[in-house]
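> here is my input, please return the structure:
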Amino acid sequence: MNILALTSSYPKFDGDATAPFIASITEHVAALGHTVHLVHPEHADWTRPRIEGNVHYHAYRYSPSRAWTPWGYAQSLEEGVKLRRRLYVLAPIVYASAVRTCLRLAAKVPFDVVHAHWLIPNGVIATQVSARRDVPLVISLHGSDISVVERKRWLERPARRAFSRASAVTAPSDDLLERASRIGARGVLRLLPYGADPAQLMADPESARAVRKRHGINDGDVVVLGIGRFVRWKGFDDLIASVGAARVDVPNLKLVLVGDGDLRVELQAQAGLLAHGAVSFAGMVTRDEIGSYFATADVVAVPSVHADGYVDGQPNVALEAMAAGKPLVVTDVGGLPALVRDETCGLVVGEGDRGALARALVTLARAPDRRAAMGAVGRARVERELNWDAYVEHLVQIYESAVR
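Down below sits the predicted model:
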């Protein structure tokens, strides 16, 4: 099949940690022999070649300067949700340029299906292309797109129009599908959990030792790892507070946070109130390095919360932790509880319950055998069903159904 895919985020170069799950989806579809033409916003840091195997990249321009490319790639949203005010003027230019790029491509390539990652803006853009070229449309929801529509009611009309055109709508959690239904999604709504690749998360012992040395981690320390953008709904403020409370019972408990974002200064100030070395900030790390951080961890925490009308759909870090054989501590929001079935590969605590989160960390910190058993169960489940091969197999079936 020839697939026209639209995205707002993608790894801009090898090792870039921007939306790696979109790259995993794209590359696995292409590995099956399908040709993917990926349309994305231009970015000054983009260094990928025009063609990589069966993946063709097409950047659309929206800025008068190639050095000023603020759209997409998780940089155009304030605290992850609100479009930065200075970028509102770019929205119609982005829309027009993306539609024009897609239509030019569609005039040259006989596409079988259009696949939009994120309802806003790409689902709306893809609706125009789908309608004008009479090509079936598949929309994949990833979380922030639904939140934006819920916050900006004037976006409901174009969102409904996109949903009405779509042959299928996918989402990684039931929560996202239910919210999409309230906005107007109808027809084929498919739950499609993300995947992970255990082989990509392998780390050599030397690199793991280097991470431990970099963050002052001693042999007897128990390491809690948190990974993600520093935005309110990730719940990292709860995690820092819970680690502080848990250290009363487990003084050798340490937290390593990987990522960056608008709340970095606030989180660093909060961590500064704890004992020196209790919390370490790694900043942004490349995809090549992330396996070393998982190897260093004893527990991976994903303390997502509802904030500003937003909540995680299914954070891929949870699946990657399972793939790396690490036990989880998660909150009962979005698609997280479904991953930790009956607490076989981790513990589930109430959303925003810092006391329960601290107790869960203490429980696992004191039980190395239980941690190992949970990690083994999680890894086996990823190898069996929650991997990118399985995801793409279902996605291609959705494509084929849409074409029929």
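> please make it C-alpha for all contacts and neighbour counts, starting now.
Will do.
> quick one: buried residues of stretch 342-351?
Thr344, Cys345, Gly346, Leu347, Val348, Val349, Gly350, Glu351 (16 or more other Cα atoms under 10 Å).
> how far away is the second one from Ala323?
Which is Cys345. Using Cα to Cα, to the nearest Å, one gets 11 Å for the distance from Cys345 to Ala323.
> and the last one, by the same measure?
Here the criterion is Cα to Cα. By it, Glu351 lies 24 Å from Ala323.
> cool, and the fifth one?
Using Cα to Cα, we find Val348 at a distance of 18 Å from Ala323.
> and what of the first one?
For Thr344, the distance to Ala323 (Cα to Cα) stands at 14 Å.
> go on, the fourth one?
Distance, Leu347 to Ala323, using Cα to Cα: 16 Å.
> now do the strands in the stretch 51-200 of the chain.
Here the stretch 51-200 of the chain has its strands, by DSSP state E, counting those that start in this stretch, at 51-52, 55-60, 77-78, 82-83, 113-117, 137-140, 168-171, 188-191.
> just name the most buried of these.
Using mean count of other Cα atoms under 10 Å, the stretch among those with the greatest mean number of neighbours is strand 137-140 (a mean of 27).
> so which elements touch that strand?
Packing partners of strand 137-140 (3 or more Cα pairs under 8 Å, 6 or more residues apart in numbering; DSSP states H and E): strand 113-117, helix 124-133, strand 168-171, helix 388-403.
> what do you get if the cut-off is 10 Å, keeping everything else the same?
strand 2-6, strand 113-117, helix 124-133, helix 156-165, strand 168-171, strand 188-191, helix 388-403 (3 or more Cα pairs under 10 Å, 6 or more residues apart in numbering; DSSP states H and E).
> ok, which of the ones you listed comes nearest Gly143?
strand 168-171 (8.3 Å; Cα to Cα).
> in its sheet, what does the closest one sit against?
strand 137-140 (parallel), strand 188-191 (parallel) (DSSP bridges).
> on that earlier part again, out of the helices and strands packed on strand 137-140, which gets nearest to Val285?
helix 388-403 (22.0 Å).
> so for the closest one, what gets flagged as buried?
So, applying 16+ other Cα under 10 Å, buried residues of helix 388-403: Trp388, Asp389, Ala390, Tyr391, Val392, Leu395, Ile398, Tyr399, Ala402.
> tell me the angle of that helix relative to strand 2-6?
110 degrees (axes from the mean of the first three to the mean of the last three Cα atoms, to 10 degrees).
> I'd like the distance from helix 388-403 to the chain centre, please.
In terms of Cα atoms, centre = their mean, to the nearest Å, the centre of helix 388-403 is found 19 Å from the chain centre.
> return it as PDB; C-alpha atoms alone will do.
Taking C-alpha atoms only, helix 388-403 is exported to PDB below (Å, rounded to 0.1, in the frame of the first residue of the first chain):
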ATOM      1  CA  TRP A 388       5.300  -2.700  17.700                       C
ATOM      2  CA  ASP A 389       5.000  -5.700  15.400                       C
ATOM      3  CA  ALA A 390       1.600  -6.600  17.000                       C
ATOM      4  CA  TYR A 391       0.500  -2.900  16.900                       C
ATOM      5  CA  VAL A 392       1.300  -2.500  13.200                       C
ATOM      6  CA  GLU A 393      -0.300  -5.800  12.300                       C
ATOM      7  CA  HIS A 394      -3.600  -4.500  13.700                       C
ATOM      8  CA  LEU A 395      -3.000  -1.100  12.200                       C
ATOM      9  CA  VAL A 396      -2.500  -2.500   8.700                       C
ATOM     10  CA  GLN A 397      -5.700  -4.500   9.100                       C
ATOM     11  CA  ILE A 398      -7.400  -1.200   9.900                       C
ATOM     12  CA  TYR A 399      -5.900   0.300   6.700                       C
ATOM     13  CA  GLU A 400      -7.100  -2.700   4.600                       C
ATOM     14  CA  SER A 401     -10.600  -2.500   6.100                       C
ATOM     15  CA  ALA A 402     -10.700   1.200   5.400                       C
ATOM     16  CA  VAL A 403      -9.700   0.600   1.800                       C
END
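> which strands or helices does that helix pack on?
Checking 3+ Cα pairs under 10 Å, 6+ apart, helix 388-403 ends up next to helix 20-31, strand 113-117, strand 137-140, strand 168-171, strand 188-191, helix 368-384.
> mean pLDDT lowest for which of these?
Comparing mean pLDDT across those, the lowest value falls on strand 188-191: a mean of 93.
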